[in-house]
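Pasting the sequence and the predicted coordinates here, then a few questions.
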Amino acid sequence: MTGNDQTSTNLRTSKSIHHPHSLRWRAFRRHKLAMFGIAIILTLIMVIIWGPLFSPYRPEKTDLDAILIPPSPHHWLGTDELGRDLLTRLLYGGRVSLAIGVLAMIISVTLGTLIGGLAGFYGGRIDNLLMRLTDMMLAFPSLFVLIILSLAMRNLPIEALRGTPSVSILSITLVIALLAWMPVARLVRASFLSIKEQEFILAARSVGVDNLRLMFRHILPNAAGPIIVAATFRVAAAIITESSLSYLGFGVQPPTPTWGNMLKNAQTQMIRAPWTAIFPGLIILITVIAINLIGDGLRDALDPHKN
Amino acid sequence: MLRYLIRRVIQAIPLLLLISVAVYGLIAISPVDPLALYEGNPNLTPEDAALLEYRLGLRQPLFLNLRGSNGTVNPPSADLYATWQGHTPPPIGTLPAGAEVAIINGARQGQVRWVQVLDLERRITGWTPRDRLTIHVNPFDSRYFKWLWAVLHGDWGRSSVEHRPVLEMIGERLPATFYLMSVAMIGQMLIAIPVGIVAAIRQYSLLDHLVTVLAYVGRSIPIFWFGLLLIILFHATLTWPAWAGEGLAGQPLFPGGGMFDLRLRRELGYTPWWDYVHHLILPATMLSVYGAAQYTRHMRAGMLEVIRQDYVRTARAKGLPERTVLYVHALKNAAIPLVTLLALDMPTLFGGALLTETIFGWPGMGRLFFQAAQRADYAVLMGIVMINAVLIIAFNLLADVIYALLDPRIVYN
């Protein structure tokens, strides 16, 4: 009796038995650079959410007495050509840019997982068809087609949103997502191909688990690692894409601020007022570096071949 | 190998057709109107506008054309006068057999109610409600197929803005793009190869860490912002020092845009070579530093992988000098991924760099595309996208071939 108790206590306190998930989480938490990236992103999100509450300025409020003021105690990061406070606009713009990045990631990863998963699971003709589609999308000259797509989708036919800034935000998100799912699809297809041959899938099949359940409950969780890593990098890529498109004038339309169209604005007066061009780009750079650091940390932690 | 090549080329044909259908459709459904350019122009009568619209084929069916046969035609109603803007269309009676009709969508909302009636010489003779006509579907008589047919015969259409052949406009921009992109590409290799090699040989040295950090920044920086920083620093902030002479002192160190100095050209009657070079330096730096950040990473990784392999150790063991081992034996294999990468980047030699050319006002293909997109110049957009799609597919194939030639372990079948 006492002996048995002893054993079970030993088992519980033993450090040598760990669930794989907790091992990976631990490896990730030990990744100093990734933790640094998470700290930056969390700080940024908090500042973007709560910061505007402390700002005495509104993002669209123009002030013709305060045009192109350099960074100063009143305007920490200066003002733009219409006298709008740059810091306030950066914070509001950050909400839009980050939202587009995350939303575009969710859509493109869902689409990529679905297409790659179907192709990998069913194989044969479906696989061929879906992969040809993927090849076609990859052969598009991307920035050119992004611009054409953003022109085509400028007026999304959604009655409820007509005339609101959400239309251009939503359409640009869709544009980015529609041209970003292909690498995810290839990745997911490859993992599905290898996982579906493993014994536990055969076992699940033999007890009558249907295809849908096989795909989503048995294969997908085992393919999750690379998907999560790719998803993280997708957010960073989407933020860059949004800023490039908005910079060229084919993205989110003013007066809604995003980091990209603030840079477009800046180009006309950046020689007189370099701060209007420096700060929006700097915050994009910091955000993207932080996200990439997290992605690298996740990749190192989730890579089963590493140990 | 040859059979593999032939198969890939044959596979590329439906791929290109699909891409052209997709891009053509996308361009056509975009709400940007090429005629917006003429809005408010008092010299353009509504008839001219209608004719121009017809000539540009804007109201013609995209992928399906409808052909009308005999039918009685009613005089147009109030609905039509709105489209015609107060001008009475010529009345017509019976439609001649075989006459062609083009669809008028109320205002592109999709519902087809009116057709434009053309006589056999394709002149607009009137308007008619659609339901009085027997309609035959003929897909090969649509805008897309007309475009495709013309392209296959070497006619890429005309710009709706400049009214010049698309190929001519593209041909004018090609030298500028090629000049910028080739210098940028050579520059990025000249940075990436030595830096990547040294970083790999001295792994974990100060230089290696610096390279890793810079490559990380290069991976995360928005390239256009990097260009803006270059302009702020080298154009807006730094000026020529006093010793540079009367004309130069106090002038910006580098021009902020363009390919040559207009004033200089007017004075001299031509542009000296050093003016071209002077204008090239900033945009080429922007592209090659950005590109080098990506390439150095690959060069370093390739070198690291190779110098640990047995054959390199063998080369050392048989007493070859370290220099030969590294720069002949190791480099040859370490450069394979880089060569493939370079082949994949080749299309930009012709397609240009949209962001760079836009920032620096460089008169190349990327900027032509940017201007065409702003002015909804459909034929130009279509031409540039398709040329780039062909180049991407071709150089993808070339990259695979090079890869197989350089690495005998790879066999295609």
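Received the coordinates, thanks. Residues are numbered from 1 along each chain as shown, chains lettered A, B, ... in the order given.

got a list of contacts for stretch B:227-241?
Residues from elsewhere that reach stretch B:227-241, judged by CB atoms under 8 Å, 6 or more residues apart in numbering or on different chains: A:263, A:266-267, A:270-271, A:274, A:277-278, A:281, B:248-257, B:282-283, B:285-286, B:355-356, B:359-360. (Glycine included, C-beta is placed from N, CA and C.)

rerun at 6 Å
Outside stretch B:227-241, the residues that touch it by CB atoms under 6 Å, 6 or more residues apart in numbering or on different chains are A:270-271, A:274, A:277, B:248-254, B:256, B:282, B:286, B:359.

if we take those residues, which one ends up nearest to residue B:395?
Closest approach to residue B:395 among the contacts of stretch B:227-241 (CB to CB): residue B:286, at 22.6 Å.

anything in whichever strand or helix holds the closest one near chain A?
Assigned by DSSP states H and E, residue B:286 falls within helix B:273-306. No - applying CB under 6 Å from any CB of the partner chain, one finds helix B:273-306 separated from chain A by no less than 12.1 Å.

biggest helix in chain B by residues?
helix B:166-201 (DSSP state H).

Could you give me the buried positions within that helix?
B:166-167, B:169-170, B:173-174, B:176-177, B:179-181, B:183-185, B:187-189, B:191-193, B:195-201 (16 or more other CB atoms under 10 Å in any protein chain shown).

That one and chain A, any residue contact?
No - taking CB under 6 Å from any CB as the criterion, helix B:166-201 and chain A are apart, separated by no less than 13.1 Å.

Which strands or helices does that helix pack on?
With contacts taken as 3 or more CB pairs under 6 Å, 6 or more residues apart in numbering or on different chains; DSSP states H and E, helix B:166-201 sits against helix B:206-220, helix B:273-306, helix B:365-374, helix B:378-406.

pLDDT score for the residue in the stretch 151-300 of chain A that chain B sits nearest to?
The nearest approach of the stretch 151-300 of chain A to chain B comes at residue A:281, 3.3 Å away (CB to the nearest CB). Reported pLDDT at residue A:281 in the predicted model: 93.

So it: helix, strand or coil?
Assigned state for residue A:281: helix (three-state reduction, DSSP: H, G, I helix; E, B strand; the rest coil).

in the helix holding residue B:286, what's buried?
Buried, per 16+ other CB under 10 Å, within helix B:273-306: B:275, B:278-280, B:282-293, B:295-304, B:306.

just checking, the residue of the stretch 151-300 of chain A closest to chain B touches residue B:225?
Yes - between residue A:281 and residue B:225 there is a contact at 3.3 Å, judged by CB atoms under 6 Å.

For residue A:175, give me its contacts.
Contacts of residue A:175 (CB under 6 Å, 6+ apart): A:149-150, A:153.

in what helix or strand does the one residue in the stretch 101-250 of chain B that gets nearest to chain A lie?
The stretch 101-250 of chain B approaches chain A most closely through residue B:225 (3.3 Å), counting by CB to the nearest CB. Assessed by DSSP H and E, residue B:225 sits inside helix B:223-231.

Would you tell me which residues of the stretch 251-400 of chain B are close to chain A?
Residues of the stretch 251-400 of chain B lying near chain A (CB under 6 Å from any CB): B:354, B:369, B:373, B:385, B:388-389, B:392-393.

Out of these, which end up buried?
B:354, B:369, B:373, B:385, B:388-389, B:392-393.

Out of those residues, which is nearest to residue B:155?
Proximity of those to residue B:155 (CB to CB) peaks at residue B:385, which lies at 16.9 Å.

The closest one and residue B:20 touch, don't they?
No - counting by CB under 6 Å, residue B:20 is not a contact partner of residue B:385; they are 8.4 Å apart.

where does the chain dip in pLDDT?
No chain specified, so I'll use chain A. Along chain A, the model assigns pLDDT under 70 to residues A:1-18, A:155, A:157-163, A:303-307.

My question was about chain B, not that one.
Using pLDDT under 70, chain B drops low at B:32-142, B:413.

residues from the stretch 1-150 of chain B in reach of chain A?
B:15, B:18, B:26-27, B:29-32.

Can you pull the residues of chain A lying near chain B?
A:136, A:139, A:141, A:143-144, A:147-149, A:151-152, A:154-155, A:240, A:243, A:247, A:270-271, A:274, A:277, A:281, A:284-285, A:288-289, A:292.

Against residue A:33, how distant is residue A:39?
To residue A:33, residue A:39 is 11 Å away according to CB to CB, to the nearest Å.

repeat for residue A:198
33 Å.

So which of these two has more stuff around it?
residue A:33 (16 against 12; other CB atoms under 10 Å in any protein chain shown).

Not counting its neighbours along the chain, what's nearest that one?
Among residues not flanking residue A:33 along the chain, residue A:293 sits closest, at 4.8 Å (CB to CB, 6 or more residues apart in numbering or on different chains).

With residue A:132 instead?
Per CB to CB, 6+ apart, closest to residue A:132 is residue B:15, 7.6 Å.

Show me which of residue A:281 and residue B:225 is the more surrounded one.
A count of neighbours by other CB under 10 Å puts residue B:225 above the other of residue A:281 and residue B:225, at 26 against 23.

circling back to that earlier point, pick out the most distant pair among the residues of the stretch 251-400 of chain B next to chain A.
B:373 and B:393 (22.4 Å).

Wait, residue A:277 touches residue A:271, no?
No - Residue A:277 is beyond contact range of residue A:271, at 9.3 Å (criterion: CB under 6 Å).

Which one's more surrounded, these two?
Between residue A:277 and residue A:271, counting by other CB under 10 Å, residue A:277 is the more crowded of the two (24 against 15).

Give me the subset of the residues of the stretch 1-150 of chain B next to chain A lying in helices.
Per DSSP H, the residues of the stretch 1-150 of chain B next to chain A map to helices at B:15, B:18, B:26-27, B:29.

ok so, going back, run the chain-centre distance for the helix holding residue B:225.
21 Å (CA atoms, centre = their mean, to the nearest Å).

Need the residues that contact whichever helix or strand comes after that helix.
Next in sequence after helix B:223-231, counting helices and strands by DSSP H and E, comes helix B:262-268. Residues outside helix B:262-268 that contact it (CB under 6 Å, 6+ apart) are B:271, B:275.

can we see that at 8 Å?
B:271-272, B:275.

Now residue A:36. Nearest residue, chain neighbours left out?
Residue A:36 sits nearest to residue A:293 (CB to CB, 6+ apart), 6.3 Å away.

Surely the one you found is within a strand?
No - judged by three-state DSSP, residue A:293 forms no part of a strand; its state is helix.

what about residue B:17, how many neighbours?
11.

residues near residue A:192, how many?
25.

got the angle between whichever strand or helix holds residue A:224 and helix B:206-220?
Using DSSP H and E, the element containing residue A:224 is helix A:224-248. Computed by axes from the mean of the first three to the mean of the last three CA atoms, to 10 degrees, the angle separating helix A:224-248 from helix B:206-220 equals 70 degrees.

List the contacts of residue B:280.
Here residue B:280 is in contact with B:179-180, B:183, B:259 (criterion: CB under 8 Å, 6+ apart).

how does it look with 10 Å?
B:176, B:179-180, B:183-184, B:254-255, B:259-260, B:360, B:362 (CB atoms under 10 Å, 6 or more residues apart in numbering or on different chains).

Next: residue B:155.
B:147, B:149, B:165-167.

Equivalent analysis for residue B:380, please.
B:156-162, B:164, B:166, B:169-170, B:368-369, B:371-373.

ok, it to chain A distance?
Counting by CB to the nearest CB, to the nearest Å, the gap between residue B:380 and chain A amounts to 11 Å.
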